[in-house]
Every structure is written in structure tokens, then in C-alpha cells.
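Engineer: Give me a 3D structure for the following:
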Amino acid sequence: MKKMLLLLLTIGLLQGCTSGTDSPSTPTEQQKPPVAAKPETPASEPPITTQPPTTPEKPLTEQPAQQETVYANDIFRNVTVKKTGQDTFEIKGQARVFEAVLNYVVEDGHNELTQGFVQATTAAPDWGDFTHTLKVKKAEPNSTLTLILFETSMKDGSRRMELIIPLPE
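Structural biologist: Model prediction:
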């Protein structure tokens, strides 16, 4: 009796696994394959996923005529840095920061050489313009200076949304 029950269960299981694969009957409306639909995007347009993603700390665009690199992230955009003198740099851009205050630090990889803040024209959620002339001298002649723009967290005083920009030589 047990052998018969086991045999019937096995046959039922196998029949359930194979049903619908070689069915001689015509498919019902629910089993018919869907009619091929036209693609929503034209074939001439590449899919959105083929575009490389931008990272916040990488330059978004480079203007070959002026050799200025534009930097951006979620709270900074159109940020450019131009060397105007021996140890002088001009920083321009737009920021969307709390109470229109953006902070900066210049470091050489080991030490913070200068720090401060800049007032933008408008506070978040709007974009405010800012311009600042920065004067900083290298501590070591072979070092590379890096400007870090950020917003200070009102919650704990930490740096939020840092934008790291290498200063031009």
C-alpha cells in the first residue's frame, strides 16, 4: 500500500512538473504570448543607463578655451577656481547651504593651512552665488594644495557634503 501511494505521488508530481510544456491543446487567452509592443524610446536614442554617472568630487565639465574645471555636488554647483597671483586664488560658484554660510579648509595633505567661511547671496533651498579671494602659501614647496568646501552640520558640527578641489599650480 505504501509503495502504491509513493508511486502515485511521484507520478502526480512528475505530471504536474511537465504539464503545459507539450500541451497539444490550443492555448487559452491567458496563456497566449503578449503582442509585441513598440519600444517607448526611439531606437536612435541611447538608453539612459549607458551614460556614465558623475561623482561629486570629479569635474563635471571642462572648458578647453579657458582651461577652467567646473566642480559640483548636491549643495555646490558651477564652482571654479582660478589662480590670480603667486599665492592667491579666486573661487566662484553657487551654493545651497543653511543660512547661506559655506565653510572651507585648505590643506596640503598633512596640515590645514587656512580655514574660514564665505557668505552666499541666498540661503537654501535656493542657490546663492558666492565669490571669494583666497590667499594661502604652501608650507612645503613640493606639496599640492587642496580646497575643501563644505557645510557645517547644525546637529553635531561635522562637515557635510564636502567638495574637494585641487588648487591649480
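Engineer: For this protein, name the helix or strand with the lowest mean pLDDT.
Structural biologist: strand 59-63 (a mean of 49; mean pLDDT, DSSP states H and E).
Engineer: How many neighbouring residues does the closest residue to Glu112 other than its chain neighbours have?
Structural biologist: The shortest distance from Glu112 to any non-neighbouring residue, by CB to CB, 6 or more residues apart in numbering, is to Val105 (5.4 Å). C-beta: built from backbone N, CA, C; applies to glycine. Using other CB atoms under 10 Å, Val105 has 17 neighbouring residues.
Engineer: So which bits of stretch 71-85 are buried?
Structural biologist: 71-73, 75-77, 79-81 (16 or more other CB atoms under 10 Å).
Engineer: Okay, helices next: where are they in the protein?
Structural biologist: With DSSP state H as the criterion, the chain has helices at 2-18.
Engineer: pLDDT weak spots in it?
Structural biologist: 5, 16-67 (pLDDT under 70).
Engineer: The same query, at a cut-off of 50, please.
Structural biologist: 23, 27-30, 32-34, 37-39, 41, 45-56, 58, 62-66 (pLDDT under 50).
Engineer: Quick one: the strands in it, in order.
Structural biologist: For the chain, the strands defined by DSSP state E occupy 59-63, 68-71, 76-83, 88-95, 101-107, 112-119, 128-135, 146-152, 159-166.
Engineer: Including distance to Met4, could those strands go into JSON lines?
Structural biologist: Below are those laid out as JSON lines (distance: least, CB to CB, whole Å):
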{"stretch": "strand 59-63", "distance to Met4": "74"}
{"stretch": "strand 68-71", "distance to Met4": "78"}
{"stretch": "strand 76-83", "distance to Met4": "77"}
{"stretch": "strand 88-95", "distance to Met4": "80"}
{"stretch": "strand 101-107", "distance to Met4": "82"}
{"stretch": "strand 112-119", "distance to Met4": "84"}
{"stretch": "strand 128-135", "distance to Met4": "84"}
{"stretch": "strand 146-152", "distance to Met4": "77"}
{"stretch": "strand 159-166", "distance to Met4": "72"}
